[in-house]
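Asks: Here's my sequence, what's the structure:
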Amino acid sequence: MKELTFETLIAVFEEMFGRGLFWAMIVAFVVVAALFIVVVIRDSKIEARRLVRAELWAPVGAVIGISFVFYMTNSGLADIGGPIDAIMLIAIGVAGAVGITILAYIVQSFRGRKETA
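Replies: This next block holds a predicted model:
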């Protein structure tokens with residue numbers, strides 16, 4: 001592999017997760033992103049209290065993301081071999097944390113909690 005192209009990345013992720021699961025994750029990402037945009041436009045701001053409560057779920061999302069990738073790749077912490085592995089592990093944890101934070105914020109917003117000052 002001399003060049004890293006977008007098509008190559010898609011092929012690698014399809015091979016790693018399976019075609020159906022990979023595209024289901026892409027669809028889930030698009031739906032959650034669209035819902036977040038709808039919530040922000042509807043409320044015309046990001047509620048600080050909701051965001052702080054949603055951030056409490058970030059560590060859970062990081063653990064879920066890392067565990068999911070370890071499960072899908074049949075590997076574990078003992079298989080981390082170098083700096084790029086550690087960087088990818090951190091990136092996966094951050095992605096899981098951000099994803100669950102956004103999802104928790106959306107759920108709180110649709111539950112209709114009224115914030116009082």
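
Asks: Quick check: Arg50 touching Ser109?
Replies: Yes. Using Cβ atoms under 8 Å, Arg50 is in contact with Ser109, at 6.4 Å. All C-beta atoms are positioned from the backbone trio N, CA, C, and that covers glycine.

Asks: Could you give me the buried positions within the helix-or-strand element of the chain with minimal mean pLDDT?
Replies: Lowest on mean pLDDT, DSSP states H and E among the helices and strands of the chain sits helix 6-17, with a mean of 89. By 16 or more other Cβ atoms under 10 Å, the buried positions in helix 6-17 come out as Phe13, Phe17.

Asks: With just CA atoms, put it into PDB.
Replies: C-alpha atoms of helix 6-17 as PDB (Å, rounded to 0.1, in the frame of the first residue of the first chain):
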ATOM      1  CA  PHE A   6     -10.300   7.500   1.100                       C
ATOM      2  CA  GLU A   7     -11.300   4.300  -0.800                       C
ATOM      3  CA  THR A   8      -8.500   2.400   1.000                       C
ATOM      4  CA  LEU A   9      -9.700   3.500   4.400                       C
ATOM      5  CA  ILE A  10     -13.300   2.500   3.600                       C
ATOM      6  CA  ALA A  11     -12.100  -0.900   2.500                       C
ATOM      7  CA  VAL A  12     -10.000  -1.400   5.700                       C
ATOM      8  CA  PHE A  13     -12.900  -0.400   7.900                       C
ATOM      9  CA  GLU A  14     -15.400  -2.600   6.000                       C
ATOM     10  CA  GLU A  15     -13.000  -5.500   6.400                       C
ATOM     11  CA  MET A  16     -12.400  -4.800  10.100                       C
ATOM     12  CA  PHE A  17     -16.100  -4.300  11.200                       C
END
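
Asks: list the helices and strands it packs on?
Replies: Contact analysis of helix 6-17 by 3 or more Cβ pairs under 8 Å, 6 or more residues apart in numbering; DSSP states H and E lists helix 19-43, helix 58-73 as its packing neighbours.
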